[in-house]
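Student: I would like to see how this sequence folds:
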Amino acid sequence: MEKFAFILHPLAAKDFGRKFSICQRLPDGVIEGIIRHVPSFKASHITGIQSAHAEAEGWFMACPLTTRQMIELPEELVLKKIIQAGKAAEKLGAKIVGLGAFTSIVGDAGITIAQNLDIAVTTGNSYTVATALQGTRQAAKVMDVDLRQANVLILGATGSIGAACARILGREVRNLTLAARNEQRLEQLAQELYKESGCSAKTTSQVKTAVRAADIIIAVTSALDTIIEPEDLKPGAIVCDVARPRNVSRQVAEKRNDVLVIEGGVVEVPGNVDFGLQFGFPPGTAYACMAETMILALEGRYEPFTLGRELSVEQIETIAKLAEKHGFKLAGFRSFERAITEREIEIIRKNALQSQQRRVGAREIG
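Tutor: Numbers count the residues shown, from 1 in each chain. Presented below is the predicted three-dimensional model:
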């Protein structure tokens with residue numbers, strides 16, 4: 001039996017209420033004040049992961065800090081808590097530990113954490129990229145959008161996941177725009193893309209303008225607040241929101257019935273898996289970053305597969321092949337914590353076409 005662990009943390013204070021009901025009645029500030037002093041702990045035992053080649057069990061390890069605390073508290077304190085969770089996983093028998101959400105972003109993206117543990121560490125970002133791109137390609141297909149001809153925008157392009165998405169999409173699309181706050185790093189990435197694939201990508205720090213012109217958006221920023229609002233998107237736009245916390249406002253789901261927003265990186269796990277913890281997904285499904293740790297355990301590859309802020313195309317292609325070997329696959333389309341049916345996608349397509357026709361008519365009248 002292969003063994004792994006995965007470190008997670010509450011994205012917001014209210015998430016702590018899923019584990020401890022008493023917290024549901026407390027103000028966020030009070031919850032954050034309490035959990036800051038709570039040591040990392042085992043949240044659940046994961047059983048039933050089985051592929052045609054191996055079986056695995058694992059543990060969810062909780063690092064009790066919210067996303068805001070991960071960013072605002074001293075880095076040394078945050079890393080100490082994450083390492084504490086990793087050491088607890090070691091004692092349980094895990095041979096590899098994955099880093100979830102902001103535990104993979106703090107500091108040097110897992111390197112310091114790995115240096116302080118005696119087991120392998122991986123961030124899960126390689127499989128996150130692989131599934132985000134698979135989902136985006138499938139979404140374009142069902143929405144009748146030609147990916148090669150579309151205006152494709154990557155928000156957060158200078159980050160680890162965003163840059164990797166850019167390198168792969170640079171080989172597939174003609175109109176690619178890279179957006180981030182650091183213009184110097186954007187220009188450097190654009191030059192690298194041109195050398196690697198001949199892709200002449202545009203760069204911008206004007207996010208709103210870029211979003212309004214895009215047919216397809218991959219959102220992977222580490223912003224604490226949403227940055228895409230209902231009025232920002234053109235009819236028929238496709239958004240793959242990989243970021244946690246989300247980059248896309250929930251109001252988009254409420255006010256726009258002519259755009260498709262999908263969650264990146266949600267996959268089916270092979271076997272009769274019991275996570276022992278409810279994190280908002282249907283049974284048997286998990287985030288891609290979690291799945292990468294499971295895949296590496298099933299394969300017996302107890303190694304630092306994804307660490308730091310550099311991701312190679314080879315890493316992403318390798319983990320995608322291993323995922324297929326062990327039976328991991330995309331869990332259809334999900335949007336704002338629920339599945340999207342084929343019927344709903346058909347309605348979105350029709351609404352998008354009507355909205356586009358109205359826009360054309362308005363321009364002709366004007």
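Student: What lies in contact with the helix or strand where residue 59 lies?
Tutor: Using DSSP states H and E, the element containing residue 59 is strand 55-62. With contact meaning CB atoms under 8 Å, 6 or more residues apart in numbering, strand 55-62 is reached by 1-9, 19, 40-47, 49-50, 85-86, 88-89, 92, 94, 97, 271, 275-277, 293-294, 297-298. Heads up, the C-betas are built off the backbone N, CA and C, glycines and all.
Student: can you rerun that using 7 Å?
Tutor: 1-9, 40-47, 49, 85, 88-89, 92, 94, 275, 277, 294, 297-298 (CB atoms under 7 Å, 6 or more residues apart in numbering).
Student: Mind checking which of these are in helices?
Tutor: With helices taken from DSSP state H, the overlap with the contacts of strand 55-62 comprises 85, 88-89, 92, 294, 297-298.
Student: any idea which of these has the most stuff around it?
Tutor: Of all those, residue 294 has the most neighbours under the rule other CB atoms under 10 Å, reaching 31 neighbours.
Student: Can you pull out the low-pLDDT segments for the protein?
Tutor: Residue ranges of the chain with pLDDT under 70: 17-19, 265, 363-366.
Student: One more pass at 80, please.
Tutor: 12-26, 107, 222, 224, 244-245, 264-266, 278-281, 332, 337-339, 359-366 (pLDDT under 80).
Student: helix or strand for residue 192, which one?
Tutor: helix 183-197.
Student: Buried ones in that helix, by neighbour count?
Tutor: For helix 183-197, the neighbour count (16 or more other CB atoms under 10 Å) marks 185-186, 189-190, 192-193, 197 as buried.
Student: before we move on, what about stretch 64-71?
Tutor: If you call a residue buried by 16+ other CB under 10 Å, then stretch 64-71 has these buried ones: 64-70.
Student: Check stretch 228-241 too.
Tutor: Judged by neighbour count using 16+ other CB under 10 Å, the buried positions of stretch 228-241 are 228, 232-241.
Student: from those residues, which is closest to residue 150?
Tutor: Residue 150 has its nearest neighbour among the buried residues of stretch 228-241 in residue 238, at 8.4 Å by CB to CB.
Student: before we move on, back to that, would you list the ones in helices among the contacts of strand 55-62 in a markdown table and tack on distance to residue 332?
Tutor: Formatted as a markdown table, these follow (distance: CB to CB, whole Å):
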| residue | distance to residue 332 |
| --- | --- |
| 85 | 31 |
| 88 | 34 |
| 89 | 31 |
| 92 | 33 |
| 294 | 19 |
| 297 | 25 |
| 298 | 22 |
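Student: From those residues, pick the one nearest residue 172.
Tutor: Relative to residue 172, and with distances defined as CB to CB, the nearest of those is residue 294, at 27.9 Å.
Student: Contacts only, for the closest one.
Tutor: 4, 49, 56, 58, 269.
Student: Which helix runs longest in the protein?
Tutor: Identified as the longest helix of the chain according to DSSP H is helix 342-365.
Student: residue contacts, the nearest residue to residue 355 once chain neighbours are set aside?
Tutor: On the basis of CB to CB, 6 or more residues apart in numbering, the spatially nearest residue to residue 355 that is not a chain neighbour turns out to be residue 235, at 3.4 Å. When contacts are counted by CB under 7 Å, 6+ apart, residue 235 touches 258, 352, 355-356, 359.
Student: No more questions from me, cheers.
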